[in-house]
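Engineer: Here is the input, now give the coordinates:
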Amino acid sequence: MTHGIHHVTAIAGPARRSLDLYTGTLGLRQVKKTVSFDDPGTYHFYYGDAVMRSI
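Structural biologist: The predicted model follows:
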């Protein structure tokens, strides 16, 4: 049985602020960057911790 959070989704303003928050403040690493399926004019970033498995 696995415990913990599977994923969290949030919408943010400028991409640089999102990167700074998740990688700098929260200490996660960016593992993937794609175009958002809901809004092709924006990016969808994926972040993970040290034990995250590959996507």
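
Engineer: where along the protein do the helices fall?
Structural biologist: In the chain, the helices defined using DSSP state H lie at 15-19.

Engineer: low-scoring stretches of it, by residue?
Structural biologist: 1-2, 52-55 (pLDDT under 70).

Engineer: what's residue 8 in contact with, if anything?
Structural biologist: By Cβ atoms under 8 Å, 6 or more residues apart in numbering, residue 8 lies in contact with nothing. Placement of C-beta: from N, CA and C, glycine included.

Engineer: May I have the phi/psi pair for it?
Structural biologist: phi -130, psi 140 (degrees, to the nearest 10).

Engineer: tell me the contacts of residue 47?
Structural biologist: Residues in contact with residue 47 (Cβ under 8 Å, 6+ apart) are 22-23, 26, 28-31.

Engineer: Just give the number of residues close to the residue lying closest to it once chain neighbours are set aside.
Structural biologist: Distance criterion Cβ to Cβ, 6 or more residues apart in numbering; nearest residue to residue 47, sequence neighbours excluded, is residue 28 at 4.0 Å. Neighbours of residue 28 under the rule other Cβ atoms under 10 Å: 17.

Engineer: again, but for residue 9
Structural biologist: Counted with other Cβ under 10 Å, the neighbours of residue 9 add up to 5.

Engineer: Would you check how far apart it and residue 36 are?
Structural biologist: Here residue 9 is placed at a distance of 11 Å from residue 36 (Cβ to Cβ, to the nearest Å).

Engineer: what do you get for residue 14?
Structural biologist: Using Cβ to Cβ, residue 14 is found at 15 Å from residue 36.
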